[in-house]
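Q: Here is a sequence together with a model predicted from it:
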Amino acid sequence: MSETTAIQYPAPEPPAFLFDLDGTLVDSVYQHVIAWRAALAAMGIDLAVWRIHRRIGMSGGLFVSALMRETGLELSPEEVEDIQRLHAEEYLRQHESVRPLPGAPELLAALTERGVKWAIATSGRAETARTALGILGLPEDTPMVTRDQVRHAKPDPDLFLAAAAHLGVDPRGAMVVGDSVWDLLAARRAGALGVGVLSGGYGRDELERTGAYRVYRDTGDMLDRLDELGIRRPGPAGSR
């Protein structure tokens, strides 16, 4: 019996990863909720915490617009800007309590070690978002796209399209990792595959209904199961 000859072909490039920030890499969702509540209260707007939480992940402008629709309030552009400024100030007062989510630094280090491209794409503005780099132990030149750099934030795809362009990859070959329905809606519109994590407070069913291909407990769980996403371990065992 003749031996079967293995077909030789170029190894495929691993997918790039585009990460949301708050609730995905850093445990900051509730700091943002408290900051938004304080900012709204300073403008005389009393809103339940749960209603604020459901909008975390949107840009500040969309967040305020959505709440205006829900409450029937009318705010001027200047008042909307004031609320966003007050939110940023309150969040920065709390940022020292923000911690990396379990496995986040280790996951990013593992992807880098395996030659996988990745970037962060967040609806937060640079003044608040870039504080997370130090928290995660990342250098200042880490690929990051913030709200200030694009025309529209999530659920529009602009942030993920810009992050893919920054990495020089086709977004249709990338995976978006996020904790909210807004991340996954933006991923679908960018043509990327969505991966959900439960660390931001959304349920598995919600993330799957919005298009998550896989859902993990957090980034540590995702690190343990990278082979499910086509990222193999280095060495002989990972080459199979």
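A: Received, thanks. Small disclaimer: the values here were computed from a predicted structure and weren't measured. Residues are numbered from 1 along each chain as shown.
Q: residues in contact with stretch 164-176?
A: By Cβ atoms under 8 Å, 6 or more residues apart in numbering, the list of residues contacting stretch 164-176 from outside reads 13, 15-20, 117-119, 121, 143, 145, 157, 160-161, 183-184, 186-187, 190-195, 213, 229. Using the backbone N, CA and C atoms, a C-beta is placed for each residue, glycine as well.
Q: Could you rerun that using 6 Å?
A: With contact meaning Cβ atoms under 6 Å, 6 or more residues apart in numbering, stretch 164-176 is reached by 15-18, 117, 119, 143, 160-161, 187, 190-195.
Q: And stretch 106-125, how far out from the chain middle?
A: The chain centre lies 11 Å from the centre of stretch 106-125; the measure is Cα atoms, centre = their mean, to the nearest Å.
Q: Show me which residues of it are buried.
A: Neighbour counts over stretch 106-125 (16 or more other Cβ atoms under 10 Å) mark 107-108, 110-111, 116-125 as buried.
Q: Closest one of those to Asp218?
A: Ranked by distance to Asp218 (Cβ to Cβ), these are led by Leu107 at 9.4 Å.
Q: tell me the phi and psi of that closest one?
A: Phi and psi for Leu107, reported as degrees, to the nearest 10, are phi -60, psi -50.
Q: cool, the one 4 residues further on as well?
A: Listed backbone geometry of Leu111 is phi -60, psi -40, with angles given as degrees, to the nearest 10.
Q: Also Arg214?
A: phi -140, psi 150.
Q: Is it correct that it is in contact with Gly194?
A: No - between Arg214 and Gly194 there is no contact under Cβ atoms under 6 Å: 8.7 Å.
Q: neighbour count winner among the two?
A: Gly194 (24 against 17; other Cβ atoms under 10 Å).
Q: from the buried residues of stretch 106-125, which two are the most distant?
A: By the measure Cβ to Cβ, Ala110 and Arg125 form the most distant pair in those, at 28.9 Å.
Q: after the least confident helix or strand in the chain by mean pLDDT comes which helix or strand?
A: Counting by mean pLDDT, DSSP states H and E, the weakest-scoring helix or strand in the chain turns out to be helix 60-71, with a mean of 75. Once helix 60-71 ends, the next helix or strand along the chain (criterion: DSSP states H and E) is helix 77-94.
Q: so how far is that following helix off the chain centroid?
A: Using Cα atoms, centre = their mean, the offset of helix 77-94 from its chain centre is 21 Å.
Q: quick one, it and helix 60-71 angle?
A: 110 degrees (axes from the mean of the first three to the mean of the last three Cα atoms, to 10 degrees).
Q: For the protein, just list every one of the helices.
A: Using DSSP state H, the helices of the chain run over residues 29-42, 49-53, 60-71, 77-94, 104-113, 126-129, 131-135, 158-167, 181-190, 204-209, 219-224.
Q: which of those helices has the lowest average pLDDT?
A: Looking at the helices of the chain, the lowest mean pLDDT belongs to helix 60-71 (a mean of 75).
Q: Touching that helix from outside, list them.
A: Here helix 60-71 makes contact (Cβ under 6 Å, 6+ apart) with Arg55, Leu75, Val80, Ile83, Gln84.
Q: Would you mind listing which of these are buried?
A: The neighbour count (16+ other Cβ under 10 Å) marks Arg55, Leu75, Val80, Ile83, Gln84 as buried among the contacts of helix 60-71.
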